[in-house]
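>>> starting from these lines, generate the structure:
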Amino acid sequence: MSILNIIKSKLPYIVSLIIVIFILNCVKNVKMWEREDGVINWDVISYYGYLPATFIYHDITLKFTEDYTGPHKFTIWSSKAPNGANIIMTSMGMSILYSPFFFIAHAYAHIFNYETTGYTEPYRLALILSSVFYLALGLFFLSKLLLKFFNAYISAWVVIIIVIGTNLFFYVTYSSAMAHPYNFALITMFLWYTIKWYETSKVRYAVFIGLLLGLISLIRPTNIVVCLFFVFWDIKSFSDFTKRLYFFLKNYRIHLLIACLVLLVWLPQLIYWKSLTGSFFYYSYGDNNRFFFNHPMILKGLIGYRHGWLIYSPAMIFSMFGLLVLFKRNKEMALPVILTFLVFIYVIFSWWCWWYGGAFGMRAMIDIYGLMALPLGAFFAYALNWKKAWLYLSICVSIVLVAASVHHTNKYRHHSIHWDSMTEEAFWDSYFSVRPSPTFESKLKTPDYEKARLGIEAYIDNQK
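Predicted coordinates for the structure are as follows:
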């Protein structure tokens, strides 16, 4: 095999490597770890809290925060359980993924005389590098997944769109340590091992599936909906479904093993809740954080100006077209991909804060970019059968939309895209300028969070 053929066959991996190197260079230039509030902020405060509380302050009850006088008290969030216990709001899945990098940073801080509080520069840098690592892992498995169904050129282009042409790039480079790049990696791996399991029935793939599903659900419990992909993969008809039921019954020991591995991953969390609240199962978000399944904001979540997915990551519109293509060219993935996608968006857009607070674009959608890469690839594979003019047009349009997403990222960094108050007027106000116009703020509409918790869509009077 010639060098050119080798390069062609490995093109998605090469593109992924180039992207990771580019992101590392961006991380180096931005230097977010030098800012005390640059990494451990927003949800990361809660995700990360288990590690310093357990391994530095040796008090998972968080009682030490009540009389702690050090410089980082504000970085450990908790809520009160009915019995008065301090409970970290989020589950500990992210802390598990952070932990190898945390321990390296802790050793480094000891050796080079940094404050070993868990919040100094070595710890912040370690969290950033963990985000890049899991992105690289996700891209490795994404490349494997795409090459299984599409040629190397389509696979490489899909990788570029998924990272550069969406908000995923922002959440690795500028808002590192948020859960979404990690979920992207885990769910992409889950898809790959699901396919391998049905092809080979090898026990090791079932083990990976169980451990991954445990982590996926422990990080974000609503992501358990990816089980639909596992259940319905390669089902094209009702007879296929009955065969699948027989397959589950025949291999019940293996599927019981998967369930036990999920429980094993969850066991530390259940013990944590039991020791502090007296119950193995505890809803740590409280009564004022809930879902409104009777009123999901699906259209606003997809195409609304506040954080609409296709508004700020417009190249992903081709993945939506690709959902239709699956029925014609990739029937084995049509039902599992479409069903998982529909249930996923129904659940995430039923959350009271469907725009997900301080964010760039619809960040919750990043979790299933590995899934949406399949219809995205299917669209461009189908386009190869069109007339060349239509193929070139779709490629040119996708390039423009990727460039638009990069532009949106720059605008967000320069505050001309607001983190929770965007409107149509604000979006188009001096759209081609990176920095906000003098009238930009007057066009914003701030959502009323208290009313949103009651399922009421309302806004705050910005002038007040």
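>>> and the strands in this protein, which stretches?
Assigned strands in the chain, in chain order: 79-80, 86-87, 446-447, 459-460 (criterion: DSSP state E).
>>> residue for residue, what is the longest helix this structure has?
If you go by DSSP state H, the chain has its longest helix at helix 121-149.
>>> just checking, what packs against it?
Packing partners of helix 121-149 (3 or more Cβ pairs under 8 Å, 6 or more residues apart in numbering; DSSP states H and E): helix 11-30, helix 93-111, helix 152-164, helix 168-173, helix 179-200, helix 369-383. Using the backbone N, CA and C atoms, a C-beta is placed for each residue, glycine as well.
>>> thought Ser221 was touching Ala179?
You called it Ser, but residue 221 is Pro. No: with contacts counted by Cβ atoms under 8 Å, Pro221 stays clear of Ala179, the gap being 11.8 Å.
>>> let me know the pLDDT of the most centrally placed residue in the chain.
Centroid check for the chain by Cα atoms, centre = their mean gives His180 as the closest residue, at 2.3 Å. Note on His180: pLDDT of 97.
>>> what of Met422?
96.
>>> residues in contact with it?
Met422 makes contact with Tyr305, Arg306, His307, Leu444, according to Cβ atoms under 8 Å, 6 or more residues apart in numbering.
>>> quick one: residues contacting the third one.
For His307, the contacting residues are Gly301, Trp355, Tyr356, Ala359, Phe360, Gly361, Met362, Arg363, Asp420, Met422, by Cβ under 8 Å, 6+ apart.
>>> buried only: go through those residues for me.
Burial by neighbour count, judged by 16 or more other Cβ atoms under 10 Å, picks out Gly301, Trp355, Tyr356, Ala359, Phe360, Gly361, Met362, Arg363, Asp420, Met422 from the contacts of His307.
>>> for the stretch 251-400 of the chain, which segments count as helices?
252-277, 298-303, 309-312, 317-329, 331-348, 369-383, 388-413 (DSSP state H, counting those that start in this stretch).
>>> list the buried residues in the last one.
What that stands for is helix 388-413. Ser394, Ser398, Leu401, Val402, Ala404, Ser405, His408, Thr409, Lys411, Tyr412.
>>> of those residues, closest to Leu97?
Nearest to Leu97 among the buried residues of helix 388-413: Thr409, at 24.3 Å, using Cβ to Cβ.
>>> what's the closest non-adjacent residue to that closest one?
Phe170 (5.1 Å; Cβ to Cβ, 6 or more residues apart in numbering).
>>> returning to that earlier point: now the two most distant members of the contacts of Met422.
The widest separation within the contacts of Met422 (Cβ to Cβ) is 13.1 Å, between His307 and Leu444.
>>> got the contact list for the closest residue in space to Gly214 that isn't next to it in sequence?
Once flanking residues are discounted, Gly214 sits nearest to Val265: 2.7 Å by Cβ to Cβ, 6+ apart. By Cβ under 8 Å, 6+ apart, the contact list for Val265 reads Gly210, Leu211, Gly214, Leu215, Leu218.
>>> picking that back up, closest to Ser155 out of the contacts of Met422?
Nearest to Ser155 among these, with distances taken as Cβ to Cβ, is His307, at 28.9 Å.
>>> relative to Arg363, how far out is the closest one?
Per Cβ to Cβ, to the nearest Å, His307 is found 8 Å from Arg363.
>>> shared neighbours, those two?
Tyr356.
>>> quick one: low-confidence ranges for this protein?
1, 68-75, 462-464 (pLDDT under 70).
>>> swap the cut-off to 50 and go again
For the chain, no stretch has pLDDT under 50.
>>> can you add distance to Phe232 and give the contacts of Val265 back as a markdown table?
Formatted as a markdown table, the contacts of Val265 follow (distance: Cβ to Cβ, whole Å):
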| residue | distance to Phe232 |
| --- | --- |
| Gly210 | 18 |
| Leu211 | 21 |
| Gly214 | 20 |
| Leu215 | 22 |
| Leu218 | 23 |
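>>> nearest to Gly118 among those?
Nearest member of the contacts of Val265 to Gly118, counting by Cβ to Cβ, is Leu218, at 21.0 Å.
>>> isn't Ala404 right up against Pro314?
Yes: Ala404 is within contact range of Pro314, at 5.4 Å (criterion: Cβ under 8 Å).
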